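>>> Just the structure for this:
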Amino acid sequence: MNTSHSVLAVNDSNKHHSFITTQLKQLIKFVLIGLLIFSLSRLILVVLYSDRVVDSLALYQIFVGGFRIDVTTLFQIIALPFLALMLMTLSPFKGRVLYKITNVWCWTFLVVMVLMEAATPTFIAEYDARPNRLFFEYLSTPNEVVGMLMKGYWLQVLLAVVVVGVFAKFSWGWFKSTAAVDSKFNPLGFVGLLLIAVFLLYGIRSGTQHRPINPAMVAFSQDSMVNTLPLNSTYSLLFAVYQMKNEASASKLYGSIDNNKMLKIIKSNMPKQAVFIDDDFPTLHTLKPSQKFNKKNLIIVVEESLGAQFVGSLGGKDLTPNIDAWKHKSWFFNQLYATGTRSARGLEAITTGFLPSPARAVLKLPNAQKGFYTLAQTLGDAGYENSFIYGGESHFDNMKGFFLSNGFEKTIDQNDYTNPEFEGNWGVSDEDLFNYAFNYLQKTSDQPKFSVIFTSSNHTPFEFPDNKIKLYDSEKQTVNNAVKYADYALGGFLQQLESSGLMQNAVVMVVADHDARVMGESLVPIEKFHIPGFIISPDTVPHEDNTLVSQIDLAPTLLSLLGIDLPNPMIGQDLSQLPEGYTGRALMQYANNQAYVYPDRAVILQANKKPLLYAVQGMKLAGLFGEQAFDNQLIQKALAHSQFASWAYAQNKY
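A predicted model of the protein is given here:
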C-alpha cells in the first residue's frame, strides 16, 4: 500500500512538471518563430533599401537594435499567458483550458505579425516609414483605402494575402491543441516561474536603464526611415497607438519650457503691429490690414499632393504649364513650405493658421470639434457665406464634421454632383469639382463668398478622365500624369474665373496641401515639404517672393488682403506687411519629428531626445552643429512653437 502511494506521488510530481514544461515550450516556440519572422522581414527591408543603409555599422545597429525590440515585443505578448500559468500553479483548477487558450493566443499573434510585416514594404513605399498611427487612422475610412490599395497596389496586396493565408494554414499545426496533462497545486513550480518572470521583465524593459526601451533608444541615423528598420511593424503600430495618450502634449515628447516664457516667445514672434486684446486668450489680437474692406470673395484652391518637385517654375519636372504661367501674373511664393505630410495637416494650417504638432491634425481631435478657430468664423462675422467644396466623400479625415462645426455653413461632396463626367476611387474628377465650384461662385448673392475647394485627382491610384492631356508617362495611372491632369483642370478653372470677371472682385489663392510621398535620408527631409502657392488679387502687384514662408502665414495674409481687422488668434505673419529684413521661417511635422527652419539653420525636435541644431544649405539639412555652437535662443523658439500647439488645444485657447 505504501509503495503504491509513493508511485502515485511521483506520477503527480511528473504531471506538475510536465504541465509547466509543456506550457513553457509553447511560449518558447512562439518567441523563436517570432524572432525568425521579424529578422527575415528586416533582412528583406535592408536589401530593398540597401542604398540608404550605407555601412556595416548601420547594419549592426539595425539588427542588434532590432533584436532588442523584437525580444521586448514578443515578451510583452507572452506576458499574459505566462502570468496565467503562474496563477494556475497556485490553484486547484485543471490546466487544459489554459493550454488551448495559449495555443490560440500564440497562433493569432503570429498571424498578425506576419500580416504587419507583409504590409510593411507597401506602407514604406507610400509613407517612408513602418506602419504607424496612419495605419490605424486609415481603418476608419475602409472604402477609400481598399479602393486605393486594389487599384494602386493590387499585386502587393495579393502577395500579402497569399503569404498570410499560407502561413496561417500551416502554422496552426504548430500550436494545434493536443492532450495536455492537468495542472495541480504546485508552489515549488510557482517559485521557479517567479525566477523566470524576473528574466521576462528584464526582456520587456530590455535592460535595467531608467526608461524601458523605446524607438529613440535604437535610433541612430539622420534618415528617419532607416531609424524605423530596427523596429518591427507590430511594435511600431502598437507604440504609435500607445503614444496617442500623449499626443496632446508635445512637451512630453520634446521637453518643456515655462508656459509664461513660451507665450512670451510666441507673441514676440507674431507681427509687430498686433494688438493683443484678451489675457484669457493670449494670441487673440487685431491687426490693421494692408487693404480696405470691400467685400471681395475669397477663393482658396487646395491642390492634393502637389509638391515643388512636380512644378517646373520651382525647379521640378515640367508638368505644370498652367501654374507656371501664373508665376509672373500673381504673388508667387518661391519658398513656401507645408507643415506636414497629410491633407488634414495642410487643411489645418491653411484654414485655421494652427501650428503643426505631434498630435493628429485638429480636424480629427475631439476638443476641436466645436469652437475651434477657422477663417470661416472671422469671415462669417464679416458677413461672408462660407463653403467647403470637395469631389470625394467629405467624411474622410473628418473634414465635413470639423468644418461644419467651426464656421462653415455648407460642405459639398461626392453625393452632391449630378451626372459627373468622371468618378474614381477618390471621387469626381477635378474638372467636375471646378465646374461645380464655378457655377456656385457665379450665383448672385447678397453676401460675399468664401470657398475652400479641395482637389483629389492627384492621389493614388491616380485616376482621371481619358484624352485630356498628353501623357508624360506611357502608363496612364502614374503620379506624373495625375499632376499634369490636375494642372490642366486648375488652368481651366482659373481661366473661367478670369474670363467671367469673377477674379476682378476676389482674392484667389492656389496652394498645395503637401508633397506626394514625403521621404528622404534625413530626420526631416525639409526639401520635400516645398510646395507651390500663389495669390491672385487686383490689389497686389505680381511678383516673385523669395521669403521663407510657412502654410501658417497664408491665412493671416488673406485676411489682410481682404481688409478684415476682426480679432483672431493666428500667430502667422501677414506677408503683405513684413518688417524690413525679415527672411522668414517654416515649421514642419514629420511623424514624431518637428523642424523649425530658418534659411540657414534648423532645429530638429525628436521624441525623448535633445534638440539638434543643423546648418541648412539649399533648404536641405547640412552639417550638424556641435554643443558649443548651439543657438539656445533658436532652440527655445522651436520648443515654444511646438509646445504652444499642444497647450492651446488642451486649454481651449485657440
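>>> out of everything not next to it in sequence, what's closest to residue 251?
Nearest non-adjacent residue to residue 251, counting by CB to CB, 6 or more residues apart in numbering: residue 643, 5.1 Å away. Bear in mind the C-beta positions are built from the backbone N, C-alpha and C, glycine included.
>>> So which residues make contact with the one helix or strand that neighbour maps to?
Secondary structure from DSSP states H and E places residue 643 in helix 632-650. When contacts are defined by CB atoms under 8 Å, 6 or more residues apart in numbering, helix 632-650 is touched by residues 248-251, 254-257, 259, 261-263, 265-266, 269, 283, 354-359, 362, 365, 367-368, 569, 571, 587, 594, 596, 598, 601, 603, 605, 611, 613, 653-654.
>>> try 6 Å
Identification of contacts with helix 632-650 by CB atoms under 6 Å, 6 or more residues apart in numbering yields 248-251, 254, 257, 262, 265-266, 355, 357, 594, 596, 603, 605, 611, 654.
>>> so what's residue 625 up against?
With contacts taken as CB under 6 Å, 6+ apart, residue 625 has the following neighbours: residue 613.
>>> can you check residue 524 too?
For residue 524, the contacting residues are 588, 590, 593, 595, 604, by CB under 6 Å, 6+ apart.
>>> where does it land in three-state SS?
Here residue 524 is coil, with the state taken from DSSP: H, G, I helix; E, B strand; the rest coil.
>>> Over to residue 170?
Classification of residue 170 by three-state DSSP places it in helix.
>>> coming back round to it: out of the contacts of residue 524, which sit inside strands?
588, 590, 593, 595, 604 (DSSP state E).
>>> circling back: mind putting the contacts of residue 524 into CSV with pLDDT and distance to residue 481?
Shown next, in CSV, are the contacts of residue 524 (pLDDT from 0 to 100; distance: CB to CB, whole Å):
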residue, pLDDT, distance to residue 481
588, 97, 28
590, 93, 27
593, 93, 32
595, 96, 31
604, 94, 35
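>>> what's in contact with stretch 464-472?
By CB under 6 Å, 6+ apart, the residues outside stretch 464-472 that reach it are 422, 429, 457, 480-481, 484-485, 488.
>>> Select from the residues you listed the one having the most neighbours.
Among the contacts of stretch 464-472, the one with the most neighbours (other CB atoms under 10 Å) is residue 457, at 29 neighbours.
>>> Identify the residues contacting that one.
Residue 457 sits next to 429-430, 464, 482, 485-486 when contact means CB under 6 Å, 6+ apart.
>>> Likewise for residue 603?
Residue 603 neighbours (CB under 6 Å, 6+ apart): 596, 611, 613, 634-635, 638.
>>> moving C-terminal of the helix or strand hosting residue 117, what's the next helix or strand?
Secondary structure from DSSP H and E places residue 117 in helix 96-127. Sequence order places helix 133-137 as the next helix or strand after helix 96-127, per DSSP H and E.
>>> Provide the contact partners of the following helix or strand past that following helix at residue level.
The helix or strand immediately downstream of helix 133-137 is helix 142-152, counting by DSSP H and E. Contact partners of helix 142-152, identified using CB under 6 Å, 6+ apart, comprise 138, 157, 425, 460-461.
>>> taking the mean pLDDT, what do you get for the helix or strand hosting residue 58?
Under the criterion of DSSP H and E, residue 58 resides in helix 56-89. Per-residue pLDDT over helix 56-89 has a mean of 93.
>>> Export the contacts of helix 142-152 to a markdown table and append columns for neighbour count and distance to residue 176.
Shown next, in a markdown table, are the contacts of helix 142-152 (neighbours: other CB atoms under 10 Å; distance: CB to CB, whole Å):
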| residue | neighbour count | distance to residue 176 |
| --- | --- | --- |
| 138 | 17 | 34 |
| 157 | 16 | 29 |
| 425 | 21 | 41 |
| 460 | 20 | 40 |
| 461 | 18 | 40 |
